[in-house]
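**Student:** got a predicted model here, sequence first, then my questions.
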Amino acid sequence: MNESEQTGELVDIPRILIAGDRSSSGKTTISTGLMSVLSRRGVRVQPFKVGLDYIDPSYHTEVTGRPSRNIDGHLMDRNAVLEVFHHGISYDGGADIAIIEGVRGLFEGLEGLSEIGSTAQIAKMLDCSVVLVIDARSITRSAAAVVMGYKSFDPEVNITGVILNNIGGVRHARKAREAIETYTGTPVIGEIHRNDSMNISMRHLGLIPAMEGRRKLDDFDQRIKGIADIIREGIEIDTVLEMAKSAPPMKPPKPDIFVPGPKGNNPVIGVALDEAFNFYYRDNLDLLELAGANLVFFSPLNDAQPPEMDGLYIGGGYPELFAPGLSANESMRQHIKEMSQAGRPIYAECGGLMYLTSEIITGKVRTSSYRTADMPEGEYAMVGALPGRTLMGQSRVVSYSRGSFVESTPIGSNKDTFLGHEFHHSEIIDLPDDARFGIKLERGIGIKDGYDGLMVKNTMGVYSHLHAASYREFALRFIESCVD
């Protein structure tokens, strides 16, 4: 907690939100490039991502050196959004500017008739200027209609500039710019020409995570630098800074989430972190530490055995793409299974759930949106701490989830409730009839028949991803289970 949070003084933090006119408009590469350019100037950039994506924030973190934070107007109320925001800008000595990357199109959210869960909702909560990224491929005068429509749809969203992406040439750029500025009065502050180097390799959930990209791509740094160079040349960086500085001072929220937990409970919690498992919200880790946990990181893929620990947290990721290596690491799998059998708390989300089942089965897929170029085909033995086998690629689930705990689990007690989300291309098959579940869903698919949280002893694997600033019991419940 910084001094302004203690005294209630206004916080004057420049901030700007980069939104898209649709999904795949180019806002991720443009946001990441902008963050990189400013960071190379010595500006301390605090990145944020609207929505619950893990992969875009990994690039934000890579280029800024500061953990990117997720904010979501469905999972979090306004005070929670503001607290996550202020925690981010205050972290590690503070930031000079906040850059927020939107999700999907500017007005897309939970439903068609409200702004809940949308980028527009966050822009209004944070009272900041919005730069609209338009995919201008094959349009010129029509681009003005797009901007005019977006500005008139909700005048409370302060769209102060436009970036044109996928520009074909000088004539294309001139016509689109003239139309937008003449008809809407909104300045075009950037033109990004079509360039293959603006593309970061894609995968079935979006981009390759930065950690994996760095380890697998020999030209990873060159790709990131190439994007930054294009942004530097194509966008009026100083104009972006002026727009960010125009955001009014903010009153910091009263701390309610990021507060220290009870003293005396200091369990060691192991966190699986490598190419296969790297989907974590940084706030979840921060809140565990704030509540007293000592986090130790290890690799189920590359280490022979886990460290000594009181509890284990295995996040999501891509275990199916690293299944041969995970399967070959028998020592690690056996140690984790023995830990489970001993009754020590293990909490695993999505990819972690898959790893804890007996086997991952990969092969041909039914879902057309599932990119499988890197997925080896076969059947691979996993930990076996949980029953059932994981079958890849026969289903696709993308949904918010809502549920309650129906018994005592490592992260929740009976009748605790949560909002979360699911995003997976796998399903758990061959479950026994007496399989035990710790969560009943009101919304979402879960593992079987509306239940999630597959359990054996004190081990639980879930498809629902939980954000600890939304499900506030997460850190304290997990720590309590680790010290019992």
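**Tutor:** Sure, I can see it.
**Student:** mind listing what's buried in stretch 130-142?
**Tutor:** 130-136, 139-140 (16 or more other Cβ atoms under 10 Å). (C-beta placed from N, C-alpha, C; glycine too.)
**Student:** repeat that for stretch 248-266.
**Tutor:** Buried, per 16+ other Cβ under 10 Å, within stretch 248-266: 250, 252-253, 257-258, 261.
**Student:** adding distance to residue 421, write these out as a markdown table.
**Tutor:** Below are the buried residues of stretch 248-266 laid out as a markdown table (distance: Cβ to Cβ, whole Å):
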| residue | distance to residue 421 |
| --- | --- |
| 250 | 27 |
| 252 | 28 |
| 253 | 24 |
| 257 | 19 |
| 258 | 22 |
| 261 | 25 |
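**Student:** ok, so of the residues you listed, who is nearest residue 391?
**Tutor:** residue 257 (37.3 Å; Cβ to Cβ).
**Student:** correct me if wrong: the closest one contacts residue 86.
**Tutor:** No - in this structure residue 257 lies outside contact range of residue 86 using Cβ atoms under 8 Å: 10.2 Å.
**Student:** tell me how many other residues crowd the closest residue to residue 116 other than its chain neighbours.
**Tutor:** Of all residues not flanking residue 116 in the chain, residue 110 sits nearest, at 4.6 Å (Cβ to Cβ, 6 or more residues apart in numbering). Using other Cβ atoms under 10 Å, residue 110 is surrounded by 16 other residues.
**Student:** residue 110: what's it in contact with?
**Tutor:** Contacts for residue 110 were tallied using Cβ atoms under 8 Å, 6 or more residues apart in numbering; they are 74, 116-118, 400.
**Student:** ok, now how distant is it from residue 395?
**Tutor:** Distance, residue 110 to residue 395, by Cβ to Cβ, to the nearest Å: 22 Å.
**Student:** surely residue 100 is in a strand?
**Tutor:** Yes - under DSSP: H, G, I helix; E, B strand; the rest coil, residue 100 sits within a strand.
**Student:** give me the distance between it and residue 332.
**Tutor:** Residue 100 is 38 Å from residue 332, by Cβ to Cβ.
**Student:** what does residue 297 give?
**Tutor:** 14 Å.
**Student:** repeat for residue 111
**Tutor:** In terms of Cβ to Cβ, residue 111 sits 43 Å off from residue 332.
**Student:** give me the number of residues near the closest residue to residue 262 other than its chain neighbours?
**Tutor:** Using Cβ to Cβ, 6+ apart and skipping residues adjacent in sequence, the residue nearest residue 262 is residue 292, 7.3 Å away. Residues near residue 292, counting by other Cβ under 10 Å, number 20.
**Student:** do the one 4 residues further on as well
**Tutor:** Neighbour count of residue 296, defined by other Cβ under 10 Å: 14.
**Student:** what residues are bridge-paired with it?
**Tutor:** residue 270 (DSSP bridges).
**Student:** who's in contact with it?
**Tutor:** Contacts of residue 296 (Cβ under 8 Å, 6+ apart): 268-271, 307, 309.
**Student:** any chance of these in CSV, plus pLDDT and distance to residue 377?
**Tutor:** What follows is the contacts of residue 296, written out as CSV (pLDDT from 0 to 100; distance: Cβ to Cβ, whole Å):
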residue, pLDDT, distance to residue 377
268, 98, 38
269, 98, 35
270, 98, 31
271, 98, 30
307, 96, 33
309, 97, 34
